[in-house]
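[1] model this:
(chains A and B)
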Protein chains: 2
Amino acid sequence: MTLPDPAARAGAILTIDLDAIVANYRLLCKRAAGRVAGVVKADAYGLGMAAVAPALAQAGCRSFFVAHLNEAIALRALLADAEIAVLNGLMPGTAGDYRAYRLLPVLNDLGQIETWQREGAAHGATPAILHVDTGMVRLGLTEGEVQRLAARPERLAGVPLAYIMSHLACADEPDHPLNAAQLGRFRSALAQLPVRAPASLANSAGVFLGPAYQFDLVRPGIAVYGGNPLPGQPNPMRATVRLQARILQVRSVDSPLTVGYGATYEIVPPAKLATIAVGYADGFPRASSNRGSAAVGGTRVPMVGRVSMDLIVLDVTAAPAGQVHAGALVDLIGPEWTLDEAAAAAGTIAYEILTGLGRRYHRRYTGSGAGAP
Amino acid sequence: MTLPDPAARAGAILTIDLDAIVANYRLLCKRAAGRVAGVVKADAYGLGMAAVAPALAQAGCRSFFVAHLNEAIALRALLADAEIAVLNGLMPGTAGDYRAYRLLPVLNDLGQIETWQREGAAHGATPAILHVDTGMVRLGLTEGEVQRLAARPERLAGVPLAYIMSHLACADEPDHPLNAAQLGRFRSALAQLPVRAPASLANSAGVFLGPAYQFDLVRPGIAVYGGNPLPGQPNPMRATVRLQARILQVRSVDSPLTVGYGATYEIVPPAKLATIAVGYADGFPRASSNRGSAAVGGTRVPMVGRVSMDLIVLDVTAAPAGQVHAGALVDLIGPEWTLDEAAAAAGTIAYEILTGLGRRYHRRYTGSGAGAP
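    All right, here's what the predicted structure looks like:
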C-alpha cells in the first residue's frame, strides 16, 4: 500500500530556513561589539530548538539562554558542551538539576543567591548569572538588593558569576527615555556590586541601540528568527519562515451571503471564496478575523468572517484563477505577506505569531543545518 | 542522584479532569434526542486526544469527529472500532488513507463525491458523510450543488452515506434569525436529496436550541470541554481544566515604577508584585496584557503590564500574604476565575484559550479514565 507524502495530508506546510537563521545570527555578530548568545527559549521561538540550537552552535554560538529548567535539560541533550542559562531563575528544589545538567541559574533575588552559595559550599561552586533589574520590573534584583550586596560582599563569596545581566523594556522604541535610564542604572549596579563579571544587557533591539548598550554579551531573540528589531524601519533581517495553507474548497458566490460564525461578514457578489485548512487551533490568531490577509500568486487576499478553530475563509475574487483550486497552497506568511504584517493584522507582534505556530503543520527545514538534528 | 518531581520544574501545572469531561458528555446525552458524537479535533480542544477519546469511548461514545486526516490516523491508533469522520474533507491524493484507516470522509463538494464514488467502484464502497452548507459558508455543498444532486441521483450511486450533516453559524445567539433559516434550509436539503441518511446539525449551542435542531446525531465540542454553550446564562457544564502558574519572584514596590515591555503600566506604591512563569509562548494570550486576572487564595489579582513571552506580572497587593511566595501556585484558570472569564478578559473565546494551551505546562489528568492512555 502506497501512502502519500505526509505533506499531502497536512492542512499547512511550515518551512523553516536554517540558513536564514544562521545568516541573521552572523549579521548580529557583525553588529555586536562582544559575543552573541543564542536565545532558544519557547522552543526557539516556535521554530524548533532541536534544529535551531545545533545550527547556531555550528555557526559558532557557545552561550544559550532558555526560560525554563525543562528547556535547559532538553538543550543539554542536544549540545553537550554549550553554556546554558535559565532565565526564570533558581526555583525551590531544583538546584540539584542545575548541577546534574551543568546549567547556569540566573539568580534573580537574594534568596536565590543564598541558595546557590549554599549549594556551592556543599558540592563545589559552579557559575551563575546575576540579574539586576533596571526598569523592566519583572525579574531580577531591585536597587535595594544591589545595595545590600554592596554593603555585604560576603553574600556573593563562593558564587562565581559568568555574567551580570539586565533586560531592556523599551529597546524597540529607540527614543524612549527608559532606555538611557536603564543603561545608567545598569552601569551604576555594575560599579556598586562587589564583584566583576562580563556584562549583558541588550536584546535584539538593544543591539541596534548602539555600542553603549552591547557590553560583553548580547542576547538577541526575535531578530535571529527574522522579526524586525527596528519597528517602522526596513527589516534588516532575513525571513526565516514561510507558512503555506492548503485550499480545501473554492466556491463562487452570486447572491448575498454572510460568512462564518456570528455571520460577521457580508459578501458582495459576484465573489469567489476559498476555505483554507488553518485556524486558531493552529495558533493563527482569531484576532485576524476580518482583518488578516493571505497571498495567492502575488495577490493579497483578505480573510473574511471569523477565523474558526480549523478553518479560515479568504475572498479570492482578485487572485489568479489558475492558483485557486482545492489542494493548492496560499501563503499566510511569506515573501508577499510578511511575519510582521501578519502579526500587525492580528493586533499582535511577530513573537506571538512565531511562538504560537501550531503542531498540525507539516514542518520542513531547509538550509545546510537541516539534516543535523 | 535524586531529581525532583517533574511538576516542580514546570512553570505551570495544567490539570485536566476526565471525570468532568465524561460528566459533560453524559449531560449532553440526556439533552439530545439522538446520539452524541465526540468532537476531538485540535487534540481534543487542546486537552489531549490520547486521554480524552478513550474516556469518551468508555462512556459509550462511538462516533468521533476530527478536522484533519492526520488527526484521524492518530485516533484510529487509539480506538480500533470507532466511527471516525474527517470534517476537512477528502483532499486530492488521500483517498487511499481513508480506506487504509477505515475513516469517513466528509464530502464537501461534487468533486469529492465523484472521487469517493470512483474509489468505491474500484475498491468497494465504504461510507462517507455528505456536508450541506446552510449558511456557515465555509465548507459543504451549496444549494445549487444540492439541486444538481437532486436532478442526477446517479451522482450518489455507490456512495453509502453514514450521515447528512450541516453546521450552525450562530447557535450561541439563540435569537439570531440565521438559526431558523439554517434549520429550514437543512430540512429542505434533506427533502431534496435523492438518498436518505441519519441527519446531524447541532454543535454544542445547537443542542440547547431544542429538539428541532438535534436530529439523529449532535456534535458538541466546547460544552464537553466545559465552555459555556449558553453565553450570558449560567454555565450548565462542569469545568474540566485548572491552570496553575508558579510564582518565580515577589517584590514590594515603594516608589513609582512602570512594569514590563513598553512601560505600559504605572504602579502606584505601596504595592506587591508577583512574577509568574507563564507567557504568551504558553498560549496565554498577549491580549490579556493589563486586562487579565489570576486568583490567589480566593482573591482576584490583576495582570499588570504586558504579558511577555515567558512571564506575567501580577499585582498581588490584595492577596493573602501567606500564599504569595516563590514556588507557590496561582490560578490562571480555576474555580474562582473561569475559562470563560479568562477568555473574555483576552477579548476571545474559551475555544481559543483551550486550543492554545501550551506544551510547557506539566499536564496532569485526574478522574477514572486517567490511567488509560
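
[2] only C-alpha atoms for contact and neighbour calcs from this point on.
    Will do.

[3] burial of the residue in the stretch 101-250 of chain A that chain B sits nearest to, as a residue count?
    In the stretch 101-250 of chain A, the residue found nearest to chain B is A:Ala169; the distance is 4.4 Å by CA to the nearest CA. Other residues lying near A:Ala169 total 25 when counted by other CA atoms under 10 Å in any protein chain shown.

[4] mind listing what it touches?
    A:Ala169 makes contact with A:135-136, A:178-179, B:260-263 under the criterion CA atoms under 8 Å, 6 or more residues apart in numbering or on different chains.

[5] where along chain A do the helices fall?
    Taking DSSP state H as the test, the helices found in chain A are A:6-9, A:18-31, A:41-45, A:49-58, A:69-78, A:95-100, A:110-123, A:143-151, A:177-192, A:204-207, A:339-345, A:350-355.

[6] Pull up the gap between the spatially closest residue to A:Gly298 that is not a sequence neighbour and chain B, please.
    The shortest distance from A:Gly298 to any non-neighbouring residue, by CA to CA, 6 or more residues apart in numbering or on different chains, is to A:Glu336 (6.4 Å). A:Glu336 sits 25 Å away from chain B when distances are taken as CA to the nearest CA, to the nearest Å.

[7] follow-up on the earlier one: so which of the helices of chain A gets nearest A:Leu314?
    helix A:339-345 (14.3 Å; CA to CA).

[8] That closest one - what's its average pLDDT?
    pLDDT averaged over helix A:339-345 equals 97, rounded to a whole number.

[9] any bit of that helix sitting next to chain B?
    No. Helix A:339-345 does not reach chain B (CA under 8 Å from any CA of the partner chain); its nearest approach is 11.9 Å.

[10] doesn't A:Gly120 make contact with A:Thr126?
    Yes. In terms of CA atoms under 8 Å, A:Thr126 counts as a neighbour of A:Gly120; the distance is 6.5 Å.

[11] Return every residue with contacts to both of those two.
    Counting by CA under 8 Å, 6+ apart, the residues touching both A:Thr126 and A:Gly120 are A:Val159.

[12] circling back to that earlier point, can you lay out the helices of chain A as CSV showing distance to A:Ser288?
    Below are those laid out as CSV (distance: least, CA to CA, whole Å):
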stretch, distance to A:Ser288
helix A:6-9, 25
helix A:18-31, 26
helix A:41-45, 20
helix A:49-58, 27
helix A:69-78, 30
helix A:95-100, 41
helix A:110-123, 42
helix A:143-151, 41
helix A:177-192, 32
helix A:204-207, 26
helix A:339-345, 6
helix A:350-355, 11
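
[13] Which residue is the nearest non-sequential neighbour of A:Pro229?
    Leaving aside its sequence neighbours, A:Pro229 is closest to A:Ala205 (4.8 Å, by CA to CA, 6+ apart).

[14] picking that back up, by neighbours, which of the contacts of A:Ala169 wins?
    Ranked by neighbour count (other CA under 10 Å), the contacts of A:Ala169 have A:Gly135 at the top, with 28 neighbours.

[15] Identify the residue spatially nearest to it, adjacent ones excluded.
    Across the structure, with CA to CA, 6+ apart as the measure, the residue nearest A:Gly135 apart from its sequence neighbours is A:Gln182 (6.0 Å).

[16] can you count the residues close to that neighbour?
    Residues lying near A:Gln182 (other CA under 10 Å) number 22.

[17] what do you get for A:Leu339?
    Residue crowding around A:Leu339 was assessed by other CA under 10 Å; the count is 25.

[18] pLDDT score for the residue minimising distance to the centre of chain A?
    In chain A, the residue lying closest to the centroid (CA atoms, centre = their mean) is A:Tyr45, at 3.1 Å. Residue-level confidence at A:Tyr45 comes out at 98, pLDDT.

[19] looking at the helices of chain A, which is closest to B:Ala239?
    Taking CA to CA as the criterion, helix A:350-355 is the member of the helices of chain A that comes nearest to B:Ala239, at 27.0 Å.

[20] How about residues contacting the closest one?
    The contact list for helix A:350-355 (CA under 8 Å, 6+ apart) reads A:42-43, A:45-47, A:222, A:227, A:283-285, A:339-340, A:342-344, B:280-281, B:286, B:309.

[21] and the biggest strand by length in chain A, what other elements does it pack with?
    When every strand of chain A is counted residue by residue (DSSP state E), the longest turns out to be strand A:241-253. On a contact count with 3 or more CA pairs under 8 Å, 6 or more residues apart in numbering or on different chains; DSSP states H and E, strand A:241-253 meets strand A:12-17, strand A:271-276, strand A:329-333.

[22] How far does the last one sit from its chain's centre?
    It refers to strand A:329-333. For strand A:329-333, the distance from its own C-alpha centre to the chain's C-alpha centre is 21 Å (CA atoms, centre = their mean, to the nearest Å).

[23] just to revisit the earlier point, can you tell me which of the helices and strands packed on strand A:241-253 comes nearest to chain B?
    Of all the helices and strands packed on strand A:241-253, it is strand A:271-276 that lies closest to chain B, at 6.1 Å by CA to the nearest CA.

[24] Kindly export the closest one (C-alpha atoms) in PDB.
    Extracted in PDB, the C-alpha atoms of strand A:271-276 (Å, rounded to 0.1, in the frame of the first residue of the first chain):
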ATOM      1  CA  ALA A 271     -17.300  36.800  -5.500                       C
ATOM      2  CA  LYS A 272     -15.100  33.800  -5.100                       C
ATOM      3  CA  LEU A 273     -14.200  32.300  -1.700                       C
ATOM      4  CA  ALA A 274     -11.600  29.800  -0.800                       C
ATOM      5  CA  THR A 275     -11.600  27.900   2.500                       C
ATOM      6  CA  ILE A 276      -8.100  27.000   3.900                       C
END
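
[25] Give me the angle between it and strand A:12-17.
    Following axes from the mean of the first three to the mean of the last three CA atoms, to 10 degrees, one obtains 70 degrees for the angle between strand A:271-276 and strand A:12-17.

[26] Tell me which other helices or strands strand A:271-276 touches.
    Helices and strands in packing contact with strand A:271-276 are listed as strand A:241-253, strand A:312-315; criterion 3+ CA pairs under 8 Å, 6+ apart.

[27] Ignoring the adjacent residues along the chain, who's closest to the residue in the stretch 201-350 of chain A positioned nearest to chain B?
    Here the residue of the stretch 201-350 of chain A nearest chain B is A:Tyr261; by CA to the nearest CA that distance is 4.4 Å. For A:Tyr261, ignoring the flanking residues on the chain, the nearest one in space by CA to CA, 6+ apart is B:Ala169 at 4.4 Å.
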